[in-house]
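> kindly return the folded structure for what I paste below:
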Amino acid sequence: MDELSNGIVDRLDAASAAFLNSSGLAKASPMGMGLYRIEPVGKVGSVRTSTVQLDVRPKDRLGLSRLLFLLSYAGNQGFRNDSVAAAEDRDLWSALAESLAQLAERSLGRGVLQGYLNVDESLRTVKGRIRISDQISRRPGMLVPLEVSYDEFTEDIAENRILRAALERMGKVPGVRPEVLSRLRQLKGKLDAVTRLPSGAPLPPWSPSRMNVRYQAVLRLAELILRNASAEAGEGKQQTASFVVDMAQVFEDFVGAALRGAMTAYPGELRLQYNALLSEAVDDADRLSVRPDAVHLLGGRPVVVYDAKYKAASDLGASLSADHYQMLAYCTALRVPTAWLVYAGSGEVKLRRILNTDIDVVEFPLDLSRPPSEILAAVADLARQSWGEVVRASRVGG
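Got it, this is the predicted structure:
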């Protein structure tokens, strides 16, 4: 179903209904006779058990590759067009599994990546350097064993731990085609010497480098899977999987990351989630504050403000007036003349002059159905137009 739909009525067993309700993707309300009304709750993604699969797709029928592009770009890790192997009409789980398998095969085709890992260990001989403070605190007066620290060249590095965890998780998803499941298991077997990440543990940090270039695409997909997908296949449990994201947050994060990159072409600094006071008060607890998605500063002073809205005014439940009230408050608090409302959708750029003020609110649509290169080009155009307004305002004020 579409995320803005009114839902559907279908037959479910009680266990599947309970799983849907716990997934955060949809609400299943009993109607009697085994029928349930299944309604979206503001998230998109897919949940699957051995007996049911529910897909809630983004508005405008955005495909999987576009969703993954938006998710990944927020971390400045934009996917290449060939990173997601699946066609748009395939289901999310098949696409994720096939894409992970293909990218992992490319990455591991030249062998498992090795790197240096810092190891702290107790030894009877000196290796690396002695950790003097640990030696004194743990073994006062003893000469051996020695508390030492050294670098070991090994396969047990962050990149391989992340990849192994993603392969394991996708291998637990019910309904993955047997041939793809076999490939995932074979790939995971190449990493059996790598430490397994405990369930719920934070992902180990890694940095792109010349050494891990061949791993970078698969690591970006692996991190998306580990952060947004869950899968369980334990004994006595129903085999389940869920991939659930908040598109409003995804859109906000994407716009912030892409705009920050585009604004580097102009003087000043763009800050995300900028805090500013809206009201004065004797007691700090009584002060009102605002937090626009992005503010561009010049010489430390705000000159333009941006806010991302996933739901356009034409979408169900969206309020155009409320958005403009919010932007008026931002401009007033920050003393800037122009605010840019970035909507997810198609249409034309529209300027609205707020009566009895010198404030303009510009509605800037961002069509997410376009190819990634065109989406980023539109963000670059937003940066160019908004900076042009800053220059024009400074000339008028001067």
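> what residue lies at the spatial centre of this protein?
Centroid check for the chain by Cα atoms, centre = their mean gives Leu71 as the closest residue, at 4.0 Å.
> wait, isn't that one in contact with Val250?
Yes. Contact criterion Cβ atoms under 8 Å: Leu71 and Val250 qualify, at 5.8 Å. C-beta coordinates here come from the backbone N, C-alpha and C atoms, glycine included.
> quick one: the helices in this protein?
Here the chain has its helices, by DSSP state H, at 14-23, 64-73, 92-108, 132-138, 158-171, 178-189, 216-228, 247-262, 320-334, 372-397.
> could you give the mean pLDDT of the fourth one?
Averaged across helix 132-138, the pLDDT comes to 74.
> and the third one, by the same measure?
Predicted confidence along helix 92-108 averages 89 (mean pLDDT).
> any idea of the angle that helix forms with helix 178-189?
Relative orientation of helix 92-108 and helix 178-189, computed by axes from the mean of the first three to the mean of the last three Cα atoms, to 10 degrees: 40 degrees.
> would you mind measuring from the closest residue to Val144 other than its chain neighbours to Ala344?
Once flanking residues are discounted, Val144 sits nearest to Arg124: 5.0 Å by Cβ to Cβ, 6 or more residues apart in numbering. Distance of Arg124 to Ala344, computed by Cβ to Cβ, to the nearest Å: 63 Å.
> for Gln239, same thing?
Counting by Cβ to Cβ, the gap from Gln239 to Ala344 is 34 Å.
> which one's more surrounded, those two?
More crowded of Gln239 and Ala344, by other Cβ atoms under 10 Å: Ala344, with 27 against 16.
> okay, and the beta partners of the more buried one?
Listed beta-bridge partners, Ala344: Leu366 (assigned using DSSP bridges).
> ok, it touching Arg370?
No. Using Cβ under 8 Å, Ala344 is not in contact with Arg370; the gap is 11.5 Å.
> and the strands in the stretch 1-150 of the chain?
For the stretch 1-150 of the chain, the strands defined by DSSP state E, counting those that start in this stretch cover 8-11, 26-32, 35-40, 44-49, 53-56, 115-123, 129-130, 146-154.
> hang on, isn't Gly115 packed against Ile157?
Yes. The criterion here is Cβ under 8 Å, and Gly115 meets it with Ile157 at 4.3 Å.
> who's more crowded, these two?
Between Gly115 and Ile157, Ile157 has the larger neighbour count (other Cβ under 10 Å), namely 23 against 18.
> could I get the contacting residues of the more buried one?
Neighbouring residues of Ile157 by Cβ atoms under 8 Å, 6 or more residues apart in numbering: Leu113, Gln114, Gly115, Tyr116, Leu117, Val194, Trp206.
> adding distance to Ala17, write these out as TSV.
Shown next, in TSV, are the contacts of Ile157 (distance: Cβ to Cβ, whole Å):
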residue	distance to Ala17
Leu113	44
Gln114	48
Gly115	47
Tyr116	50
Leu117	46
Val194	39
Trp206	40
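> identify the farthest-apart pair in these.
Using Cβ to Cβ, the contacts of Ile157 span at most 14.9 Å, a distance reached by Tyr116 and Val194.
> can you lay out the helices of the chain as JSON lines showing distance to Leu288?
Below are the helices of the chain laid out as JSON lines (distance: least, Cβ to Cβ, whole Å):
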{"stretch": "helix 14-23", "distance to Leu288": "36"}
{"stretch": "helix 64-73", "distance to Leu288": "32"}
{"stretch": "helix 92-108", "distance to Leu288": "41"}
{"stretch": "helix 132-138", "distance to Leu288": "49"}
{"stretch": "helix 158-171", "distance to Leu288": "42"}
{"stretch": "helix 178-189", "distance to Leu288": "52"}
{"stretch": "helix 216-228", "distance to Leu288": "33"}
{"stretch": "helix 247-262", "distance to Leu288": "22"}
{"stretch": "helix 320-334", "distance to Leu288": "9"}
{"stretch": "helix 372-397", "distance to Leu288": "26"}
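> hey, least reliable of these by pLDDT?
Lowest mean pLDDT of those: helix 132-138, a mean of 74.
> so the residue nearest to Val144 makes contact with Met142?
No. Arg124 is beyond contact range of Met142, at 11.2 Å (criterion: Cβ under 8 Å).
> before we move on, back to that, Ser289: which of the helices of the chain is closest?
Proximity to Ser289 (Cβ to Cβ) singles out helix 320-334 among those, at 8.2 Å.
> helices or strands up against the closest one?
strand 276-277, strand 289-290, strand 301-309, strand 338-344, strand 360-366 (3 or more Cβ pairs under 8 Å, 6 or more residues apart in numbering; DSSP states H and E).
> gap between that helix and the chain center?
In terms of Cα atoms, centre = their mean, to the nearest Å, the centre of helix 320-334 is set 27 Å apart from its chain centre.
> ditto for stretch 321-340
Per Cα atoms, centre = their mean, the centroid offset for stretch 321-340 relative to its chain is 27 Å.
> close enough to count as contact, Leu117 and Glu152?
Yes. With contact defined as Cβ under 8 Å, Leu117 reaches Glu152; the gap is 5.3 Å.
> can you report how many residues lie near Pro292?
Number of residues near Pro292 (other Cβ under 10 Å) recorded here: 26.
> measure it to Met263 for me?
Remark: distance between Pro292 and Met263 (Cβ to Cβ) = 14 Å.
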